[in-house]
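> this one's structure only:
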């Protein structure tokens with residue numbers, strides 16, 4: 001098992017094109033851990049803003065009566081991918097992983113696969 005800081009460092013190391021990663025509490029909008037990369041992103045601002053995205057999607061699913069879980073959410077920009085993955089483990093309830101990728105260097109399918117593996121090995 002890997003702690004949150006180790007999991008984020010692993011994401012930045014093994015996921016091609018990673019430019020920033022964070023573990024976020026979507027109840028408070030606070031980043032619990034961050035690892036900066038070459039992207040120069042303010043990960044605290046990204047954590048707070050993406051918390052709104054997660055909350056909105058969860059409210060919408062509730063209003064629709066959907067009993068399904070969210071695997072991940074993808075925001076595609078002209079030069080970046082922003083991947084949001086709510087944690088599914090009981091100890092991770094209320095948390096999500098946030099990963100920003102350089103669109104020109106990243107393989108989105110591999111990034112999703114590797115982030116799933118990192119989540120499975122992470123201990124919160």
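Thanks, I have the structure now. What you see is a predicted model; the values in this text were computed from it and never measured.
> please, which helix or strand holds the residue nearest the centre of the chain?
When the chain is reduced to its mean C-alpha position, the closest residue under CA atoms, centre = their mean turns out to be residue 98, at 2.1 Å. Assignment of secondary structure by DSSP states H and E places residue 98 within strand 95-102.
> that strand - contacts with which helices or strands?
In terms of contact count using 3 or more CB pairs under 8 Å, 6 or more residues apart in numbering; DSSP states H and E, strand 95-102 is assigned the packing partners helix 4-14, strand 18-25, helix 43-64, strand 80-86, helix 108-121. Using the backbone N, CA and C atoms, a C-beta is placed for each residue, glycine as well.
> identify each buried residue in the last one, please.
Of all the residues in helix 108-121, those buried under the rule 16 or more other CB atoms under 10 Å are 111, 112, 114, 115, 118, 119.
> tell me which strands the strand holding residue 98 pairs with, and in which orientation.
For strand 95-102, the paired strands and their directions (DSSP bridges) are strand 18-25 (antiparallel), strand 80-86 (antiparallel).
> looking at these, which is nearest to residue 71?
Nearest of the strands paired with strand 95-102 to residue 71, taken as CB to CB: strand 80-86 at 7.3 Å.
> can you give me the angle that closest one makes with helix 108-121?
Angle, strand 80-86 to helix 108-121, by axes from the mean of the first three to the mean of the last three CA atoms, to 10 degrees: 30 degrees.
> relative orientation of strand 80-86 and helix 43-64 in degrees?
Using the same axes, to 10 degrees, strand 80-86 lies at 60 degrees relative to helix 43-64.
> surely residue 89 and residue 124 touch.
Yes: with contact defined as CB atoms under 8 Å, residue 89 and residue 124 form a contacting pair (7.0 Å).
> out of these two, which sits in the busier spot?
When residue 89 and residue 124 are compared for neighbours, residue 124 comes out ahead with 18 against 12, by other CB atoms under 10 Å.
> picking that back up, what sits up against the strand holding residue 98?
7, 11, 15, 17-26, 32, 37, 39, 41, 43, 46-47, 50, 54, 79-87, 108, 111, 115, 118-119, 124 (CB atoms under 8 Å, 6 or more residues apart in numbering).
> right, I'll leave it there.
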